[in-house]
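Asks: Fold the following, please.
(chains A and B)
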Amino acid sequence: MSSYLMKRLGYTLFILLAASLLIFCLYALTPGDFITGNIKLSPERKAELRELYGLNKPLLERYVIWMNNAFHGNFGYSLDKQQPVLKLFNQYVWNSFLLAIVSTFLTWLIAVIIGVIAAYKQYSWFDTFVMVGIFAAMSIPSFFIGLFLIKILAVDFKWLPPGGMLTTGSNATGVAYLKEVIHHMTLPVIVMTLLGVGSLTRYFRSNMIDVIQQDYIRTARAKGLSERKVLFTHALRNALLPAITLVGFELPALFGGSLIIERIFNWPGIGQLYMQSFTVRDYPLLMGFTMFIAVLTVIGTLLSDILYHVADPRVKI
Amino acid sequence: MMKKSVALLSGVLMASLLFTACSNGGTDNSSSSAEKGTAQAQQSPALNSLFKAPDLTQLPATAQQRTDTIIMALTDPAGAFTPYFHQSGYDGNVSSLLYAPLVTTDDKGLPAPNLAESWDLSKDQRTYTFHLHKDLKFSDGSPLTADDVAFTWTILHDKSYDNDSLIPTLGIVGGAEYKAGKASTVSGIKVIDPQTISVTIAKPNATALLTLGSDVLSKAYYGKDYKFGELEYIKKLHQTPLGNGPYVLTKFIPGQEVRFTANENYFKGAPKTKNFIYKTSEGDTWQYVETGEIDFASFSATQENINKLKSLGFVDILPYTPSTYSFLQANLEHEALKDKKVRQAIAYGLDRQSIYVDANQGAGEIANIPAAPISWAYTTEGINPYAYSAEKANQLLDEAGWVAGADGIREKDGQKLTLHYLGSKSPQTDIFIAVATENFKAIGVDFQPEVFADFNSLASKVEGGDYDLASFSTPMLTDPSDGLVQFLDGEIKGYDNPEFVKLYNEALATNDIEQRKKIYGDIFRLLNDDLPVIFTNYKKVVYAYNGRIQDLTVSPFNGIASSVPQWTLK
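Replies: Below you'll find the model as predicted:
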């Protein structure tokens, strides 16, 4: 196990290094740089600023400088926001995380319950109904359903706020603050859950159908176990196993933010921050964020491999 | 800084336009509430003056309950609130409430006293002497004196200053020596007494007064760690600004809000409304206006928007023309476009009325000169309107030697007349391409449009010279020369007209407004005929705000900053 881990870590470092070079080149070679967009600057001043920011240096040199600083824990200042990149992450990433963790939890919970029932009652009216509903939810674009819900629930009925994370100007603290945030995150969480629940439900349903047909389920039933126990202890545990792989993939998604949802609901998350920094070519912020997601992805896959081993001793690593 | 703040106000608008473009859902769900309004407002003429809210009882409870706070949407304040040092123009909007300039502009864009109660200009028009108000204070109560002004101008000449202030470009005497590290002060800046400061520039420049007359940084606060060549430390002070404007910052919540409260030490007296909030709102602001979460927003002045706003019943609607102009940049390094006749033919051959006014539901006006109609230098005298005429365009192209080939496309010396057009993704560009394709076909030009999802890619392609025509808009223009500088500083490559350069310098060498007006008239006529770029349109905007706000005015050149202190909530 430990030698496996060492080997994996070695690979991981190599992958990250290669990824960072690739990502750096991609960003640097995208047409236009941070200076191009400022139409107020004269051509001479533009040249002067490129010199000052080091944007006129060769690509590889810029990469080495960035990498060197990154190794020393210095991810630099955002060009556009004039603040340390890490501080900006800290300000925005937790807002995204909050939305993601709650909606992911709800998505999994709902998907497991519906998936199991739908599999158990395969081809029943419930199953058909769920499948139709799921396909409908999956195929509606997020911006449409988001704006539609804002229109109905916020503008017409005024039950929920139309966006943001706090009531503007609110000085609430403690429980009142918590209530306010919950009130504001309800709409985006509903939309994110609606969009995510479809594919997961189908995944669990098909896993469950496979498992239910296994011999050991018949054996369990033959032993005279209650149907509930058969379903949730024997069948579900085995059906959940392949889902462990998915847990690893969820990790970057938890921190990555959601561009469209955050934009529609005016949520102060990292997805928005990333998009803005891309339009102005804010290289330090772009690099920092993308590497952050790359690291999480690599850790996520490593994690799911280990979890798989823990959950199913038959799997050797 | 002033320029920027207003520019970004309209930036809010543009962002919301862009957003509507990519979210059809938004337009869908809004149509139902707009229908009520269209029935009675369908025939109403374009809005030309303030529309008062007919029914304030419809004001949502959220807005009703706010008695001492005005909330406005701002796309994305980034958190660097120090004037001269922020990159994002939205931060300029924030800092314009925190800092007051030495000199402001009146509604015509002419200089008016602010922190400086008066100024003198030497005979040779090179030395400005500013007389500050007595007893000026920063918001913490510390005095604001000529030393602070000198400090502000000086650090902008530091070699590590990496931003876009125009002060270092004025050529202040001794500025270059300071930047090179050869002098410890900028010799042209002289503090005469605590209320008086003079500055000498290399040659007369009519824009210098407004450029110099900008915000003042406290030397005690921003200067205590200053060493030549090291301005990095200022970044740490960005979120704890110390200003002297109408408001002070109370709280910045990244991605959500910027909160202000009245500055008791403001030299004109504390603002009438105690609190002010900029609410961060990427994208659409409709739902916030409708639910009363914000009090003020700007929209493109399309008939649809105006009708919808009117139907809300509780908003005042104020029409407004931003001080900018839009144009098609022509690649003057390409053989065909070097010929003035070809450029004129394009101006005649494009149906600008359909593209920018009619298809835009009236939210635009045709431009023929590089100045907005609200500018003091604006004129229509002797200006060719280039009214749409395919005939005239054809005639000009014939004269220029471009003859129709077998496929209907004009040719000259074996070269086809092809125009490669670049535009950013927007509904306006879609309209342009649709109409222009027809227009160009009618005059035998092969039109090849290319659309870019983001501005930087487009700008860099233009920098690389791989285009024939490209759509652009200017930033906010205060002085008439602001709209002309691009024909001079190499931004428009290949335009070189000594007559223009002469007039441009003449207009800047005098501070006499009447004389300048005359010269600008000549310049506009020259450029209107020369067409170094093809002038297309002005934008039209409406401000919609909570009908309870009284005394609301918006200066075309200062935006809201100078009038916010006067706003009251009824």
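
Asks: my guess is B:G109 meets B:P556, correct?
Replies: Yes: in this structure, B:G109 is within contact of B:P556 by Cβ atoms under 8 Å, at 7.3 Å. (Each C-beta comes from the backbone N, C-alpha and C, glycine too.)

Asks: Which neighbours do the two have in common?
Replies: With contacts defined as Cβ atoms under 8 Å, 6 or more residues apart in numbering or on different chains, the residues adjacent to both B:G109 and B:P556 are B:323, B:374.

Asks: Assign a three-state SS to the most centrally placed residue in chain A, would you?
Replies: By Cα atoms, centre = their mean, chain A has its centre lying nearest to A:A253, at 1.5 Å. Secondary structure, DSSP: H, G, I helix; E, B strand; the rest coil: A:A253 is helix.

Asks: Domain ranges for chain A, per the record?
Replies: A:1-76, A:85-311 (the TED database).

Asks: Report how many residues lie close to residue 53.
Replies: The chain I'm using is chain A. Around A:Y53 there are 17 other residues, counting by other Cβ atoms under 10 Å in any protein chain shown.

Asks: Chain B is the one I meant
Replies: With other Cβ under 10 Å as criterion, B:A53 counts 21.

Asks: Looks like it contacts B:Q550 (just checking).
Replies: No: using Cβ under 8 Å, B:A53 makes no contact with B:Q550, being 11.7 Å away.

Asks: could you pull out the helices for the stretch 1-150 of chain B?
Replies: For the stretch 1-150 of chain B, the helices defined by DSSP state H, counting those that start in this stretch cover B:2-22, B:24-41, B:61-65, B:89-98, B:146-155.

Asks: Low-confidence ranges, the stretch 201-317 of chain A, go.
Replies: A:316-317 (pLDDT under 70).

Asks: repeat that with 80
Replies: Residues of the stretch 201-317 of chain A meeting the criterion pLDDT under 80: A:244-245, A:309-317.

Asks: residues in it within reach of chain B, list them.
Replies: A:263-264, A:266-269, A:272-273, A:276, A:278-281 (Cβ under 8 Å from any Cβ of the partner chain).

Asks: what packs against the longest helix belonging to chain A?
Replies: Longest among the helix segments of chain A by residue count, using DSSP state H, is helix A:174-212. Using 3 or more Cβ pairs under 8 Å, 6 or more residues apart in numbering or on different chains; DSSP states H and E, the elements in contact with helix A:174-212 are helix A:85-120, helix A:125-139, helix A:142-149, helix A:236-240, helix A:243-256, helix A:259-264.

Asks: Return the most buried member of these.
Replies: Of the helices and strands packed on helix A:174-212, the one with the most neighbours on average (mean count of other Cβ atoms under 10 Å in any protein chain shown) is helix A:259-264, at a mean of 23.

Asks: what's the next secondary structure element after it?
Replies: Sequence order places helix A:270-279 as the next helix or strand after helix A:259-264, per DSSP states H and E.

Asks: Please name every helix or strand in contact with the helix or strand following that next one.
Replies: Using DSSP H and E, the helix or strand that follows helix A:270-279 in sequence is helix A:283-311. If you count contacts as 3+ Cβ pairs under 8 Å, 6+ apart, helix A:283-311 packs onto helix A:2-29, helix A:59-71, helix A:85-120, helix A:243-256, helix A:270-279.

Asks: what does the shortest one rub up against?
Replies: For helix A:270-279, the surrounding residues in contact (Cβ under 8 Å, 6+ apart) are A:37, A:78, A:80, A:88-89, A:92-93, A:95-96, A:255-259, A:261-263, A:282, A:285-286, A:289, B:76, B:255, B:282, B:454-456.

Asks: at 6 Å what do you get?
Replies: A:92-93, A:96, A:257-259, A:262, A:285-286, A:289, B:282, B:454 (Cβ atoms under 6 Å, 6 or more residues apart in numbering or on different chains).

Asks: Over to stretch B:204-221?
Replies: B:1, B:83, B:99, B:101-103, B:111, B:125-126, B:138, B:147-149, B:151-152, B:166-167, B:170, B:201, B:242, B:479, B:481, B:508-509, B:511.

Asks: average pLDDT across that stretch?
Replies: For stretch B:204-221, mean pLDDT is 93.

Asks: Next, the distance between the ends of that stretch.
Replies: 33 Å (Cα to Cα, to the nearest Å).

Asks: For it, buried residues please.
Replies: Residues of stretch B:204-221 classed as buried by neighbour count (16 or more other Cβ atoms under 10 Å in any protein chain shown): B:204-221.

Asks: Ok, stretch A:59-77 next?
Replies: A:62-63, A:66-67, A:70, A:75-77.

Asks: Dump that stretch to PDB, restricted to CA.
Replies: C-alpha atoms of stretch A:59-77 as PDB (Å, rounded to 0.1, in the frame of the first residue of the first chain):
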ATOM      1  CA  LEU A  59       6.800  32.300 -22.700                       C
ATOM      2  CA  LEU A  60       9.000  29.800 -21.000                       C
ATOM      3  CA  GLU A  61      10.800  32.400 -19.000                       C
ATOM      4  CA  ARG A  62       7.400  33.700 -17.700                       C
ATOM      5  CA  TYR A  63       6.400  30.100 -16.900                       C
ATOM      6  CA  VAL A  64       9.600  29.500 -14.900                       C
ATOM      7  CA  ILE A  65       9.200  32.700 -13.000                       C
ATOM      8  CA  TRP A  66       5.600  31.800 -12.100                       C
ATOM      9  CA  MET A  67       6.500  28.300 -11.100                       C
ATOM     10  CA  ASN A  68       9.400  29.400  -9.000                       C
ATOM     11  CA  ASN A  69       7.200  31.900  -7.100                       C
ATOM     12  CA  ALA A  70       4.400  29.200  -6.800                       C
ATOM     13  CA  PHE A  71       6.900  26.800  -5.200                       C
ATOM     14  CA  HIS A  72       7.700  29.500  -2.600                       C
ATOM     15  CA  GLY A  73       4.000  29.800  -1.900                       C
ATOM     16  CA  ASN A  74       3.700  33.100  -3.700                       C
ATOM     17  CA  PHE A  75       0.900  33.000  -6.200                       C
ATOM     18  CA  GLY A  76       1.200  36.700  -6.900                       C
ATOM     19  CA  TYR A  77      -1.300  39.600  -7.100                       C
END
